[in-house]
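Trainee: what would the 3D arrangement of this be:
(one chain, ligands or ions: 1)
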Amino acid sequence: MKTTSKRTGQTPATGQTADLPSSRYGHFSADGTEYCITEPSLPRPWVNIIAGPRLGLAVSQSGSGFTWIDHSQLAVITRWQQDLIRDTSGKFLYVRDPDSGSMWSLSPAPAWTPHDRYLCRHGLGYTTFETECAGIAARWTLFCHPIETAELWRVELANLTDRPRRLEICAYLEWNCGVAPSPRREFTKLFLETSFDAGRGAVFARNHMWEVPSPRYGHWNTEFPYVAALAGTASVGAAQGDKGAFLGRYGYLRSPQALRERAWTPAFGGHEDPIAALRSAVELQPGARHDLGYVLAVASSRPEAEGLLERLTNVAAMDAALQDVRSGWAARLAAHRIETPDPCFDHLVNDWVRYQAISSRLWGRCGYYQQSGAYGFRDQLQDSQVWLTIEPARCRDQINLHAAHQFADGSVYHWWHPLTEQGNVTRMTDDLLWLAFVTANYLKETGDLTILEDVTPLLDDPEPRPLRDHARRAFERVFSRTSPRGLPYIGAGDWNDGLSAVGLRERGESVWLAHFLAGLLRDWAEVLRRAGQADTSVQYEERRRALVQAINRHGWDGGWYIRATLDDGSTLGSAANRVARIFLNAQTWAVLADVAPPERAARCMAAVREHLTSPAGALLLAPAFDQPVPEIGYITRYAPGLRENGGVYTHAATWAIAAACKVRDHELAGRLLTAINPALKDPETYWAEPYVLPGNVDGPDSPHHGRAGWTWYTGSAAWLHRIVSEWVLGVRPEWDGLRIDPCLPPGWARAGMLRPYRDCTYEVRIERSDRLPERATEVTLDGERLKDNLIAPPCKAGAHHRVHVRCR
Ligand code: GLC
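Mentor: Okay, here's the model as predicted:
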């Protein structure tokens, strides 16, 4: 495995180990659960998305970022500007020494005074800045309380000099308390009201106008349903509520005028540019340490916000909460672990991508590149599969949440906003089917058919309906939108949003959607049979047969499957095209859904190898569109090689790994896996975080081939974990048990997994044996050889089983 990152020896101060890759910008901690950034001037912000089920924050290595509650777009508490180049916008802590006049911040931004020592540790659920400046060591940790709706800042200051020091520490943030980003700040600020409660040392903020329609009182006529407050543990010497007064005329965050002023003239109320600034004096004897903290509390009323401040504004409560955050993440991720010869890969899969999927995609629904807050119908359903092995009830809740966002005709919102329940109605054709997809996977994992009887209403019919009825409606809608050739219409796009005009007139067909549907019909024929609906089960089997035939008759291009047909009948993803001659998903899903007969499976995967494999991962299509084509959609409007237009779209690139495993191409699976591993990249080319997955990496048609972007907010995180577990290590739930079918990359001699499955725990040890014949796998369960490599339940609840696997 060739890596461009250099590897260095142990650095005791930061816990770095020789085993994990590092670069000149940082390294993993020894236990892999922290990424330690040592140089703040990165090619792009490397961030942490720290969220609980309700409150969350984004913070980069510069210290910039913001806080939201319940919705990272509609209920944004603090202001932030999405400017990834300057990255100097957010909530900050300044320190000033009034005796010397020197001033700095406890993160690089906003003062950008060079620190004598700088370390930013992004961990699971927290970020810590460790700095030294002017003889003062500081440690600032930001995190969300694990239960309460409050962001906590734990701060430690230490005097490293041999003289007593007087310091002023000043917390600063700008209130947003509403929809963000707001293009109309001068309008929206007119409704914000701040106040300073001297007794509590707290600034409170509320907004009398929330830019969402009120069902009762119309537009711009509803109250923001939260009250926010900032308070600190140190007694407040001065407070300010007006940004103009704080910065000074044409002043700037780098060096606010107020920090140089002895007395402040506080300005709170409804007539300012609302901020919260709290200044406290701290005295430190030589060698002494001082503990303090801040609470940013958000609640539905002022008394509740006050209650949060009372409970949490003390360092003991904060330390206990931080401990709970850390142990909470460790416990959440403990039951299912993989082990391979590459410890860095293990941390990525066990810890980081699951944290990414849960914190950023499911709870926060936010990234630095995308402030969303909405639920994408297909997106969070797929993400929720991350819960299947550890807390399947949460996946079930997600399924039911999405079921309740379906219309009676089977269609669904493409996305919807929680809080306001506004949704986007589109002619996208796959969204509705993901409900059935994730339900089938829930059933394979749990075997619990009672989920089919869970009831939720439809958007346009309040009567509660069982999940099986929601799934039936989705299938029937797709069946009714089938072309005369027997392929589903593509409408305004299928999984690929950017194919937004291919089938607007409902003539264009989707071959990928056909594969997807064929796989679902295979699974749902089984679901229905188990649920006692034998007749429908047989119908689904027949439909599948016809569909597979139609795909293989009309979708095969000679060397691979085409992607779609346009409304005018022309083909997309054919060797006859000038650009976009081959699409990844049309090949990988032909394999995954058992549509391709073996000879075609081999050929289309050979085409993937030849045309779509790049050192950055599997490309979504090639070659890229080089000019806008309105009849195809906005995918053609991206610059060539960017995102879906010929880049590595990581979400789809993970499916290619599964397909390579399914055709037992160890080499390709290993190569694609290595290619998307962010920890192995050279940051000068790759730019993005080494510890989480990016949405995309530029493809060869971009001048910046290999440059990553859109980190955190990507469906690939949950998928990578799932595919590594189920296809690479090959421990895969099927209807009647756990299938053991590994496909290890060539360099791995062994691997292992600890995994719960239906009340029991399985400890799987996998060894490669070159003495076995090609494709052979031998499995023993608690010492007894299994005939068909299927571990079948039932097993005694709580039992711990040992599985030993020898494979080729
Ligand atoms: C974005 C969308 C996702 C879609 C993908 C490919 O990530 O959120 O739903 O499948 O793009 O277009």
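
Trainee: residue ranges in the protein under the pLDDT threshold?
Mentor: Judged against pLDDT under 70, the low-scoring parts of the chain cover residues 1-18.

Trainee: can you rerun that using 90?
Mentor: 1-19, 182-183, 213-215, 770, 774-775, 793-797, 808 (pLDDT under 90).

Trainee: and it, which residues reach the ligand?
Mentor: 376, 378-379, 495-498, 644, 715 (Cβ under 6 Å from any ligand atom). (Each C-beta comes from the backbone N, C-alpha and C, glycine too.)

Trainee: distance check, the closest residue to the ligand within the stretch 701-808 of the chain against Ser360.
Mentor: Taking Cβ to the nearest ligand atom as the measure, the stretch 701-808 of the chain has Gly715 as its residue closest to the ligand, at 6.0 Å. According to Cβ to Cβ, to the nearest Å, Gly715 stands 11 Å off from Ser360.

Trainee: contacting residues around the residue nearest to the residue of the stretch 701-808 of the chain closest to the ligand when sequence neighbours are not counted?
Mentor: Nearest residue to Gly715 in three dimensions, chain neighbours excluded: His651, at 4.4 Å (Cβ to Cβ, 6 or more residues apart in numbering). His651 sits next to 695, 714-716, 719 when contact means Cβ atoms under 8 Å, 6 or more residues apart in numbering.

Trainee: distance between the helix or strand hosting His651 and the chain's centre?
Mentor: Secondary structure here is read from DSSP states H and E; on that basis His651 sits in helix 650-662. Using Cα atoms, centre = their mean, to the nearest Å, the mean C-alpha position of helix 650-662 is found 18 Å from that of the whole chain.

Trainee: repeat that for stretch 443-458.
Mentor: Using Cα atoms, centre = their mean, we find the averaged C-alpha position of stretch 443-458 to lie 25 Å away from the chain's own average C-alpha position.

Trainee: begin at 785 from here
Mentor: Let's use 785 as the start, then, which means that last one is stretch 1227-1242.

Trainee: CA atoms only for it - export them in CSV, please.
Mentor: Extracted C-alpha coordinates of stretch 1227-1242, given in CSV (Å, rounded to 0.1, in the frame of the first residue of the first chain):
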residue,chain,number,x,y,z
LEU,A,1227,-35.8,-7.4,8.5
LYS,A,1228,-32.6,-9.3,7.5
GLU,A,1229,-30.8,-8.0,10.5
THR,A,1230,-33.5,-8.5,13.1
GLY,A,1231,-36.0,-11.0,11.7
ASP,A,1232,-38.7,-9.0,13.4
LEU,A,1233,-41.7,-8.9,11.1
THR,A,1234,-43.7,-6.8,13.5
ILE,A,1235,-42.2,-3.7,11.9
LEU,A,1236,-44.5,-4.3,9.0
GLU,A,1237,-47.4,-3.6,11.3
ASP,A,1238,-46.0,-0.3,12.6
VAL,A,1239,-48.5,2.4,11.7
THR,A,1240,-48.0,5.9,10.5
PRO,A,1241,-50.3,8.3,8.6
LEU,A,1242,-49.9,9.5,5.1
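
Trainee: how about the residue in the stretch 1235-1384 of the chain that the ligand sits nearest to: what's its closest non-neighbour residue?
Mentor: Proximity to the ligand, evaluated over the stretch 1235-1384 of the chain using Cβ to the nearest ligand atom, is greatest for Asp1281 at 3.8 Å. Nearest non-adjacent residue to Asp1281, counting by Cβ to Cβ, 6+ apart: Met1212, 7.3 Å away.

Trainee: tally up the residues packed near the one you found, please.
Mentor: Met1212 has 25 neighbours, counted by other Cβ atoms under 10 Å.

Trainee: next one: phi and psi at it?
Mentor: Dihedral angles phi and psi of Met1212 (degrees, to the nearest 10) take the values phi -70, psi 140.

Trainee: tell me what it is bridged to.
Mentor: The residues listed as beta-bridge partners of Met1212 by DSSP bridges are Gly1275.

Trainee: so it sits against Gly1277, correct?
Mentor: Yes. Between Met1212 and Gly1277 there is a contact under Cβ atoms under 8 Å: 5.0 Å.

Trainee: what sits against Ser844?
Mentor: With Cβ under 8 Å, 6+ apart, Ser844 has these contacts: 829-832, 871, 1152.

Trainee: partner residues bridging it?
Mentor: On the basis of DSSP bridges, Ser844 takes part in beta bridges with Val831.

Trainee: quick check: it vs Cys917, distance?
Mentor: Here the criterion is Cβ to Cβ. By it, Ser844 lies 19 Å from Cys917.

Trainee: hang on, His1074 in a strand?
Mentor: Yes. For His1074, which was evaluated using DSSP: H, G, I helix; E, B strand; the rest coil, the result is membership in a strand.

Trainee: that one reaches Ala1065, doesn't it?
Mentor: No. Look at His1074 against Ala1065 with Cβ under 8 Å: they stay out of range, at 10.8 Å.

Trainee: so for these two, which sits in the more crowded spot?
Mentor: In this view His1074 and Ala1065 are compared by other Cβ under 10 Å, and His1074 has more residues nearby, 19 against 14.

Trainee: the more buried one - nearest residue in space that isn't next to it in sequence?
Mentor: Closest residue to His1074 apart from its sequence neighbours, by Cβ to Cβ, 6+ apart: Leu941 at 4.7 Å.

Trainee: if you rank the contacts of Ser844 by neighbours, which is first?
Mentor: Asn832 (31 neighbours).

Trainee: and it, how far from the ligand?
Mentor: In this view, Asn832 and the ligand are 21 Å apart by Cβ to the nearest ligand atom, to the nearest Å.

Trainee: and if you look at Ala918?
Mentor: Taking Cβ to the nearest ligand atom as the measure, Ala918 falls 45 Å from the ligand.

Trainee: which SS class is the residue in the chain sticking out farthest from the centre?
Mentor: Within the chain, the residue lying farthest from the chain centre (Cα atoms, centre = their mean) is Arg947, at 47.3 Å. Each residue gets one of three states, and Arg947 gets coil by three-state DSSP.

Trainee: that one and Gly1071 touch, don't they?
Mentor: No. No contact is recorded between Arg947 and Gly1071 when judged using Cβ under 8 Å, the distance being 10.5 Å.

Trainee: for the contacts of His1435, give me TSV that also has distance to Ile1122 and neighbour count.
Mentor: Supplementary listing: the contacts of His1435 in TSV, determined by distance: Cβ to Cβ, whole Å; neighbours: other Cβ atoms under 10 Å:
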residue	distance to Ile1122	neighbour count
Gly1479	24	25
Thr1498	20	29
Gly1499	20	25
Ser1500	17	28
Trp1503	15	25
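
Trainee: among those residues, which are in strands?
Mentor: Residues from the contacts of His1435 lying in strands, with DSSP state E as the criterion: Gly1479.

Trainee: distance from stretch 1365-1373 to the middle of the chain?
Mentor: Using Cα atoms, centre = their mean, the distance from the centre of stretch 1365-1373 to the centre of the chain it belongs to is 24 Å.

Trainee: now do it: everything it contacts.
Mentor: For stretch 1365-1373, the external contacting residues (Cβ under 8 Å, 6+ apart) are 1279-1280, 1295-1296, 1299-1300, 1303, 1339, 1344-1347, 1356-1359, 1379, 1388-1389, 1391-1392, 1395-1396, 1402-1407, 1436-1437, 1439-1440, 1442-1443.

Trainee: the residue nearest to His1074 sits in which helix or strand?
Mentor: Residue-wise, Leu941 maps onto strand 934-943 under DSSP H and E.

Trainee: next: His1489.
Mentor: With DSSP H and E as the test, His1489 turns up in no helix or strand.
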